[in-house]
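*Asks:* Structure of the sequence below:
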Amino acid sequence: MKVELLVSEWCPTCPQAERVWRQVADERAIDFSVLDMAQPEGRALAHRLRLKTIPAIAIDGTLIAVGVQSVEEARRMVAAAPAKARASPRHAGMLLSTDNRAFIVAAMIHLILAGLWLLAVGALLAEGALRLVGVHVFGAGFMLSLIYGLGAHMLPRFTGNPIRMGALPWVQLSALHGGLAVFALGSWLPEASVGLAGGALVWSSFLIFAGRLWPVLWPRPDRGVIRDA
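*Replies:* Numbering: from 1, shown residues only. The predicted structure is shown next:
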């Protein structure tokens with residue numbers, strides 16, 4: 001069952017509609033997507049359905065309802081769909097997912113830490129054993145966290161393809177910040193292997209992110225979307 005929610009950035013009730021349908025999509029095995037009227041796919045569907053009001057819900061290409069539904073009403077509309085057995089790739093909508101919000105909050109925290117480091121040391125690149133800590137707090141902690149959060153939210157919106165969710169983004173978040181902590185610890189210790197281990201963890205977060213984004217940018221030709229393994 002294909003469920004499409006048509007929204008627009010200027011629509012004040014669209015975020016509420018998306019919250020309702022996100023909850024239902026987490027419960028039912030439906031192919032759910034959020035289409036913005038500013039995107040070609042959204043404009044094309046709105047034109048075909050002759051929509052004059054949003055938010056609007058189309059199921060299998062047929063206009064079912066407009067406005068904001070309650071969770072109970074949305075559940076009744078997709079009652080024929082089976083219950084979801086496991087998490088599926090997520091189509092990005094207007095709302096930030098919990099994991100993307102966590103990445104952006106982490107980025108802001110690291111930006112503050114980098115600012116404090118700059119005030120205390122006078123430069124991101126310090127002298128001595130801790131010379132690279134400030135650079136990594138800003139570069140990996142702030143920049144990578146921001147790229148991870150915004151990239152995972154915006155790129156699926158641009159392409160219309162879903163991105164893998166579930167545990168992967170949290171493993172990615174843990175690898176990034178665990179790697180930074182291990183790297184900082186390695187700066188104090190004489191063993192170079194500790195710092196290398198931290199760097200490897202940071203790089204593993206990048207590889208996870210690349211693996212999540214690959215099907216978003218280059219989807220499988222047979223379906224155009226990705227599946228869970």
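
*Asks:* helices or strands up against the helix or strand of the chain with the lowest mean pLDDT?
*Replies:* Ranked by mean pLDDT, DSSP states H and E, the weakest helix or strand in the chain is helix 133-136, scoring a mean of 84. Judged by 3 or more C-beta pairs under 8 Å, 6 or more residues apart in numbering; DSSP states H and E, helix 133-136 is in contact with helix 98-121, helix 168-188. Using the backbone N, CA and C atoms, a C-beta is placed for each residue, glycine as well.

*Asks:* next SSE after it?
*Replies:* helix 145-159 (DSSP states H and E).

*Asks:* Now the helix of greatest length in the chain: buried residues?
*Replies:* If you go by DSSP state H, the chain has its longest helix at helix 192-217. For helix 192-217, the buried set under the neighbour-count rule, 16 or more other C-beta atoms under 10 Å, comprises 194-195, 197-199, 201-202, 204-206, 208-209, 212-213, 215-216.

*Asks:* Okay, domains of the protein per the record?
*Replies:* Per the record, the chain has its domains at 2-77, 98-217, by automatic domain parsing.

*Asks:* out of those, which comes closest to residue 84?
*Replies:* domain 2-77 (4.7 Å; C-beta to C-beta).

*Asks:* measure that closest one end to end?
*Replies:* Distance across domain 2-77, first residue to last, is 12 Å (C-alpha to C-alpha, to the nearest Å).

*Asks:* give me the number of residues near residue 75?
*Replies:* Taking other C-beta atoms under 10 Å as the criterion, the count of residues near residue 75 is 16.

*Asks:* Look up how far residue 59 lies from it.
*Replies:* Counting by C-beta to C-beta, to the nearest Å, the gap from residue 75 to residue 59 is 13 Å.

*Asks:* And for residue 35?
*Replies:* 13 Å.

*Asks:* isn't residue 39 right up against residue 157?
*Replies:* Yes: here residue 39 reaches residue 157: they are 7.5 Å apart, a contact under C-beta atoms under 8 Å.

*Asks:* now the longest helix of the chain, how far from the chain's geometric center?
*Replies:* 17 Å (C-alpha atoms, centre = their mean, to the nearest Å).

*Asks:* Equivalent analysis for stretch 19-37, please.
*Replies:* 15 Å.

*Asks:* buried residues in stretch 166-173?
*Replies:* Buried residues in stretch 166-173 (16+ other C-beta under 10 Å): 168, 169, 172, 173.

*Asks:* Would you agree the second one is in contact with residue 99?
*Replies:* By that I understand residue 169. Yes: taking C-beta under 8 Å as the definition, residue 169 is a contact partner of residue 99 at 3.8 Å.

*Asks:* Find the residues that touch each one of those two.
*Replies:* Shared contacts of residue 169 and residue 99 (C-beta atoms under 8 Å, 6 or more residues apart in numbering): residue 152.

*Asks:* Under the pLDDT cut-off, which ranges of the protein? List them.
*Replies:* Across the chain, the ranges flagged by pLDDT under 70 are 85-93, 128-129, 221-229.

*Asks:* Sweet, I'm off.
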